[in-house]
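**Q** Fold the stuff below for me.
(one chain, ligands or ions: 1)
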Amino acid sequence: MLLRKLIFEYHAKKNNSNIFNKCLVALTTLPLRQHSSYRLEEAYKKIKAKCESKKLPKDVNPSAVFACNELDLKEVKVYGFDYDYTLACYKPSLDYLLYNLGRETLIEKYKYPKKIANLEYKPGFAVRGLHYDIEKGVLIKLDSFLQIQFGSVYRGLKPLSNENVLKLYKNRIIPIAYVEGDRHSSGSHSKMVQLADLFSVPEMCLICNVTDYFERNHIDYHPEILFRDVKNSVKNSHPVMHKIVAQNVAEYIEAHDLKPFFDRLKNANKKLFLVTNSPYKFVNKGMEHLVGANWKEYFDVLIVQARKPKFFTDDSRPIRVFDEHSGMHIWDRVTKLEKGVIYYEGTVKQLQDLTGWRGHQVLYFGDHPYSDLADVTLEHGWRTGAIINELTHEIATLNNPKFKKDANWLQMLTQLIEDHQDCEDEEEQAVLAKWMQERDKLRNNIKCVFNEQFGSVFRTYHNPTYFSRRLFRFADIYTSSINNLMNYSVNHTFYPRRGVMPHEYTSYFV
Ligand SMILES: [Mg+2]
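**A** Residues are numbered from 1 along each chain as shown. Predicted structure coming up:
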């Protein structure tokens, strides 16, 4: 436009050298501008072609054991286990059972509206590791920097828009005292609770379903009261759940044969112990299903109703004997731990004092990063293994060729944006905006294939989740099932991958 105007002026004013010079300037800048947006388009095409020509990465082995920290099994003399979701893996039928029992208690005991009986369990709605804000009544996914993952904030069954999230929290990053409580003041409680075990997944669905019911029917409610009532309802349903599961173990527990694994450990002269919060009768039925009637012979120490995490944190709470034949609790003082005897309560201090099992010679497996793994790692120097059932679904998703392509392209597109972002030209900015849009869409696709609402248990876009950062800190190794240990000898050393730090080479090979 500018050039056309100048040429017109030049003809009109007959050979005006000033206008002629302006024409020259316009002529030299015009091709440059065209060239720069053209340059961006060309860079995009080149990177896209490069991405498409690349071989996709090999599949991740879903039965592998992954190392966060080096662990030499030769040093491990004692293997300890949690029971629920560590040795016993539950089928989805257990989620339905817990949800239904909790909903029933809400109506019967807490007098919630009878109509909530129609609210059905929604499998796959929530993932573990989310935070529930007891003040604002939202379920929220946080990353390891305490940043909110936009698009993963739900009130009831409805996602909150980014604008509403910012209105609620004023910021994308939530202060640590709000999430974890003020660590400098014992009286200050956090406004958020994290739902870190698998039993809490049906609990989250019940909270969201009831919230949604209240919101739809314009019923005033207090999010904290709702949270406490649901939590207590599900917790109080556990004894009934234990009875129902014990009556029909095969319907609720996956049939993993644990015998070969325990045989291997025993043949290698390893000591075995069990520390579970569940009651004996319930554990006994499950272990008979998983190992056989003689399952107790594998264990040197059996502790039920341990009340973890108190078992690992309390200094003095006497260990007691449970008589399985009479179903009675015995009052005698315990001075030694005997094979075949069922113990309950107690503390890790007594377990260590009476057995002499200490530090890195003990490897304890659990599914809960805090109540199973945090204290034994931080306070007692035990080695730890996390059993994370969700890995099966997460790895199957990672191994999908479409996911691999999308994830690779996301990386390369992000790099392309980073390399070309400092342009001021309008046309170039338009191209960049288009790339950003494509990147947002891609990021969302990659998130939704794990879980429509909350994405992966381990990632919030490119950052680790709050949950996975904690998990990697407290677990030396992690895997989807305890039986995966059968893929390794009892002398195996697990080596962590040498991760790339931001200031290092992106790859050690060209
Ligand atoms: Mg457990």
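**Q** Next, the contact list for residue 461, please.
**A** Applying C-beta atoms under 8 Å, 6 or more residues apart in numbering to residue 461 gives the contacts 143, 149, 443, 447. All C-beta spots, glycine's among them, are computed from the backbone N, C-alpha and C.
**Q** Go through the residues you listed and flag which are in helices.
**A** With helices defined by DSSP state H, the entries of the contacts of residue 461 inside them are 443, 447.
**Q** Would you show me how to pick out the buried ones of the contacts of residue 461 in PyMOL?
**A** In PyMOL, a selection of the buried entries from the contacts of residue 461 looks like this (16 or more other C-beta atoms under 10 Å):
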select buried, resi 143+149+443+447
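**Q** Is there a neighbour count for residue 329? I'd like the number.
**A** Residue 329 has 12 neighbours, counted by other C-beta atoms under 10 Å.
**Q** Report the secondary structure state of it.
**A** Secondary structure, DSSP: H, G, I helix; E, B strand; the rest coil: residue 329 is strand.
**Q** List the beta-bridge partners for it.
**A** Beta-bridge pairing for residue 329 (DSSP bridges): residue 322.
**Q** quick one: it and residue 320 touch, right?
**A** Yes: in this structure residue 329 lies within contact range of residue 320 using C-beta atoms under 8 Å: 6.1 Å.
**Q** between the two, what contacts are shared?
**A** residue 344.
**Q** returning to that earlier point: what is the most widely separated pair among the contacts of residue 461?
**A** Farthest apart among the contacts of residue 461 by C-beta to C-beta are 143 and 443. That separation is 13.3 Å.
**Q** Need the pLDDT of residue 191.
**A** With respect to pLDDT, residue 191 scores 88.
**Q** What ranges does the stretch 1-150 of the chain have for its strands?
**A** Using DSSP state E, counting those that start in this stretch, the strands of the stretch 1-150 of the chain run over 66-67, 71-72, 78-81, 131-133, 138-142, 148-155.
**Q** on that earlier part again, return the member of the contacts of residue 461 nearest to the ion.
**A** Of all those, the ion sits closest to residue 143, with 24.7 Å by C-beta to the ion.
**Q** So which residues of the stretch 401-510 of the chain form strands?
**A** Taking DSSP E, counting those that start in this stretch, the strands of the stretch 401-510 of the chain run over residues 459-460, 463-464, 477-479, 493-494.
**Q** For residue 139, see how far away residue 131 is.
**A** Separation of residue 131 from residue 139 (C-beta to C-beta, to the nearest Å) stands at 8 Å.
**Q** Sorry, slip of the keys, the one I care about is residue 312.
**A** 28 Å.
**Q** still on that earlier bit, put together TSV for the strands of the stretch 401-510 of the chain, with mean neighbour count on each row.
**A** Formatted as TSV, the strands of the stretch 401-510 of the chain follow (neighbours: other C-beta atoms under 10 Å):
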stretch	mean neighbour count
strand 459-460	22
strand 463-464	16
strand 477-479	23
strand 493-494	16
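**Q** Any chance of those strands in a markdown table with distance to residue 292 and mean pLDDT as columns?
**A** Shown next, in a markdown table, are the strands of the stretch 401-510 of the chain (distance: least, C-beta to C-beta, whole Å; pLDDT from 0 to 100):
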| stretch | distance to residue 292 | mean pLDDT |
| --- | --- | --- |
| strand 459-460 | 40 | 92 |
| strand 463-464 | 40 | 92 |
| strand 477-479 | 23 | 98 |
| strand 493-494 | 29 | 98 |
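**Q** So for the ion, which of the ones you listed sits nearest?
**A** Across the strands of the stretch 401-510 of the chain, the ion has its closest neighbour in strand 477-479 (13.9 Å, C-beta to the ion).
**Q** what's the spacing between the closest one and its chain's center?
**A** 13 Å (C-alpha atoms, centre = their mean, to the nearest Å).
**Q** If you drop the residues flanking it in sequence, what lies closest to the residue in the stretch 301-450 of the chain that the ion sits nearest to?
**A** Going by C-beta to the ion, the ion is nearest to residue 367 of the stretch 301-450 of the chain, at 4.4 Å. Closest residue to residue 367 apart from its sequence neighbours, by C-beta to C-beta, 6 or more residues apart in numbering: residue 85 at 4.0 Å.
**Q** got the contact list for that neighbour?
**A** 197, 198, 199, 367, 387, 389.
**Q** how many neighbours does the fifth one have?
**A** Looking back up the chat, that one is residue 387. For residue 387, using other C-beta under 10 Å, the count is 25.
**Q** now the residue of the stretch 301-450 of the chain closest to the ion: how far from residue 301?
**A** 20 Å.
**Q** Which strand residues bridge the residue lying closest to residue 385 once chain neighbours are set aside?
**A** Sequence neighbours aside, residue 365 is the residue nearest to residue 385 in space, at 4.3 Å (criterion: C-beta to C-beta, 6+ apart). Note on residue 365: beta-bridge partners residue 81, residue 385, judged by DSSP bridges.
**Q** picking that back up, so which of residue 367 and residue 301 has more stuff around it?
**A** residue 367 (27 against 23).
**Q** you'd agree the more buried one is up against residue 84?
**A** Yes: using C-beta under 8 Å, residue 367 makes contact with residue 84 at a distance of 7.4 Å.
**Q** Overlap in contacts, those two.
**A** Joint contacts of residue 367 and residue 84 (C-beta under 8 Å, 6+ apart) do not exist.
**Q** pLDDT of stretch 274-286, averaged?
**A** Here stretch 274-286 scores 96 as its mean pLDDT.
**Q** if you look at it, does any of it touch the ion?
**A** No: if you take C-beta under 5 Å from the ion as the test, stretch 274-286 misses the ion, and the best it gets is 7.4 Å.
**Q** That stretch: end-to-end distance?
**A** End-to-end distance for stretch 274-286, by C-alpha to C-alpha, to the nearest Å: 13 Å.
**Q** In it, which residues are buried?
**A** Result for stretch 274-286 [16+ other C-beta under 10 Å]: buried residues 274, 275, 276, 277, 278, 279, 280, 282, 283, 284, 285, 286.
**Q** Just the element for the last one, please.
**A** In other words, residue 286. Following DSSP states H and E, one finds residue 286 within helix 280-290.
**Q** Could you point out the helix or strand that follows that helix?
**A** On the C-terminal side of helix 280-290, the closest following helix or strand by DSSP H and E is strand 301-304.
**Q** Output that next one as PDB, restricted to C-alpha atoms.
**A** Coordinates of each C-alpha in strand 301-304 appear next as PDB, following Å, rounded to 0.1, in the frame of the first residue of the first chain:
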ATOM      1  CA  VAL A 301       6.500 -61.100  61.600                       C
ATOM      2  CA  LEU A 302       2.900 -60.300  61.000                       C
ATOM      3  CA  ILE A 303       1.400 -57.000  62.300                       C
ATOM      4  CA  VAL A 304      -2.200 -56.000  61.500                       C
END
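**Q** Tell me which other helices or strands it touches.
**A** strand 271-275, strand 342-345, helix 348-355 (3 or more C-beta pairs under 8 Å, 6 or more residues apart in numbering; DSSP states H and E).
**Q** got the residues of the chain near the ion?
**A** Contact residues (C-beta under 5 Å from the ion) of the chain with the ion: 82, 84, 85, 367.
**Q** list the contacts for the second one?
**A** By C-beta under 8 Å, 6+ apart, the contact list for residue 84 reads 90, 199, 276, 277, 278, 367.
**Q** What's the local residue count around the spatially closest residue to residue 287 that is not a sequence neighbour?
**A** Leaving out its chain neighbours, the residue that sits closest to residue 287 by C-beta to C-beta, 6+ apart is residue 295, at 4.2 Å. Other residues near residue 295 number 21, with proximity taken as other C-beta under 10 Å.
**Q** distance of residue 295 from the ion?
**A** According to C-beta to the ion, to the nearest Å, residue 295 and the ion sit 17 Å apart.
**Q** Likewise for residue 471?
**A** 14 Å.
**Q** Distance check, that residue against residue 451.
**A** Separation of residue 471 from residue 451 (C-beta to C-beta): 17 Å.
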